[in-house]
Structures are given as structure tokens and as C-alpha cells.
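**Student:** Just a sequence and a predicted model for now, questions to come.
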Amino acid sequence: MTERHLLILRHPETEANVTGRWVGRGDAPYTERGREQAVLLAQEIEAFGPDVIWSSPLRRCREVAEAASALTGLVPVYQDRLQEMDFGQAEGLTYDETVERNIRFDFKSEDMPVAPGGESRRDIFDRTARALDELMATGASRMVVVTHGGVFRSTVPNMLGLPLSAIWSFHIANAAFLEYRIIEDFCHVERFGSLG
């Protein structure tokens with residue numbers, strides 16, 4: 001019987017998270033709390049004892065992967081599919097600024113962009129699925145993914161066989177972690193929480 005573990009982590013708190021800016025493919029520096037969370041996340045990864053570390057290439061994830069690399073000796077793999085959702089015209093704006101510009105969000109549709117010019121729920125679900133398939137194909141038994149809220153949420157229906165609509169069913173805090181235990185073709189949540 002083959003048993004594998006997958007640890008998904010969301011990046012630490014950023015200034016954009018605190019100020020309510022939609023930051024997908026852009027980046028934002030950590031807050032003081034975020035810097036503390038980055039240390040805790042790297043320690044969580046080390047304690048997990050990974051065989052591989054995959055990460056979004058965006059700085060808010062990359063810095064955690066690099067800190068974990070220093071602790072584990074593993075070289076992170078930076079995977080574009082693990083980047084945050086593309087928010088299109090809403091990128092970098094607050095909710096109030098999107099209202100002023102008449103930018104409308106659609107979080108209900110599976111196939112329409114969440115914001116004009118951006119990705120849909122199905123887009124992020126599908127690219128997360130492709131990343132997970134590629135990661136599983138490595139044969140590693142203890143896998144780490146450092147990513148963003150959108151991809152983190154997308155792992156849930158992908159790994160647990162839930163409907164696509166389940167993407168928005170979970171609040172994923174900054175510095176959240178979720179460990180999946182995979183036995184043969186069965187997967188369940190082993191641990192779920194947040195740090196700092």
C-alpha cells in the first residue's frame with residue numbers, strides 16, 4: 001500500500017492583504033506579521049520532512065521556499081501554474097476602486113472571468129489540476145507546495161473530488177497550511193490550520 005503526503009501552504013500576510021488590494025500576478029511586501037509567518041512556514045516545511053518543494057515564482061511565495069531550502073537543503077522548483085489568479089482589470093486595486101471604475105466581479109460563474117480580462121474559476125481549477133498531476137508524477141512521497149489563496153482553494157476540489165463550486169467554500173488565511181494524506185487513490189485531509 002502506497003502512502004503519500006502533500007502539504008499546501010499559503011504565503012504570509014502582505015501589505016496588499018491588509019489594505020484590501022487585489023494582487024494576483026503582481027507582488028506586495030510582507031507586513032511585520034508576514035515576516036514572522038514566513039519563518040514559521042519555513043519551520044513547518046522543515047518539520048514535515050519533504051522530498052520536494054514546489055512554489056509559485058512570485059516573491060511572496062518564493063521567499064518562504066528559499067527559507068525552507070536553507071533549512072532542508074532541497075532546491076525549490078518554481079512552477080508558473082502555482083501563481084495566484086489573474087485578476088485582470090482589478091489587479092492592484094481595492095474593492096472601492098473597482099466600484100469607482102465600474103469593474104464587476106463574477107465569483108459565481110465557472111467559466112466567466114472573476115474580473116474582466118482575468119481568469120475564471122475553471123481556469124485556476126484546471127491549471128492547479130495540471131500542476132498537481134505533474135507533482136504526483138514525480139513519485140515523491142512527501143511533497144510541499146507554497147502558493148496563493150486561489151490555488152490553495154483549488155487543490156481542495158481537485159484532491160477531494162468535490163465539485164468546482166467548492167473552490168470558494170473555504171476561508172484560507174495567510175500562512176494557512178493543509179496536509180493531504182493519499183493512500184493509493186484515496187485522499188483525505190490530515191491537518192488544516194494557520195500559523196502566526
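**Tutor:** Alright, I've got the coordinates.
**Student:** Please count neighbours and contacts with C-alpha atoms only from this point.
**Tutor:** Fine.
**Student:** just checking, what packs against the helix or strand hosting residue 39?
**Tutor:** In this structure, residue 39 sits in helix 32-48 according to DSSP states H and E. Judged by 3 or more CA pairs under 8 Å, 6 or more residues apart in numbering; DSSP states H and E, the packing partners of helix 32-48 are helix 59-72.
**Student:** okay, the angle between the helix it packs on and helix 32-48?
**Tutor:** Interaxial angle, helix 59-72 versus helix 32-48 (axes from the mean of the first three to the mean of the last three CA atoms, to 10 degrees): 40 degrees.
**Student:** pretty sure residue 125 is in a helix, no?
**Tutor:** Yes - remark: residue 125 belongs to a helix, assigned using DSSP: H, G, I helix; E, B strand; the rest coil.
**Student:** ok, now which ones touch it?
**Tutor:** By CA atoms under 8 Å, 6 or more residues apart in numbering, the contact list for residue 125 reads 151, 154, 155, 158, 164.
**Student:** how about 6 Å then?
**Tutor:** residue 154 (CA atoms under 6 Å, 6 or more residues apart in numbering).
**Student:** Please export the C-alpha coordinates of the helix holding residue 39 as PDB.
**Tutor:** In PDB, the C-alpha atoms belonging to helix 32-48 read as follows (Å, rounded to 0.1, in the frame of the first residue of the first chain):
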ATOM      1  CA  GLU A  32       5.800  42.700  10.100                       C
ATOM      2  CA  ARG A  33       3.400  39.900  10.900                       C
ATOM      3  CA  GLY A  34       4.100  38.400   7.500                       C
ATOM      4  CA  ARG A  35       7.800  38.300   8.100                       C
ATOM      5  CA  GLU A  36       7.200  36.400  11.300                       C
ATOM      6  CA  GLN A  37       4.800  34.000   9.500                       C
ATOM      7  CA  ALA A  38       7.500  33.400   6.800                       C
ATOM      8  CA  VAL A  39       9.800  32.000   9.500                       C
ATOM      9  CA  LEU A  40       7.100  29.800  10.900                       C
ATOM     10  CA  LEU A  41       6.100  28.500   7.500                       C
ATOM     11  CA  ALA A  42       9.700  27.500   6.700                       C
ATOM     12  CA  GLN A  43      10.000  25.700  10.000                       C
ATOM     13  CA  GLU A  44       6.700  23.900   9.300                       C
ATOM     14  CA  ILE A  45       8.100  22.700   6.000                       C
ATOM     15  CA  GLU A  46      11.300  21.500   7.600                       C
ATOM     16  CA  ALA A  47       9.300  19.600  10.300                       C
ATOM     17  CA  PHE A  48       7.200  18.000   7.600                       C
END
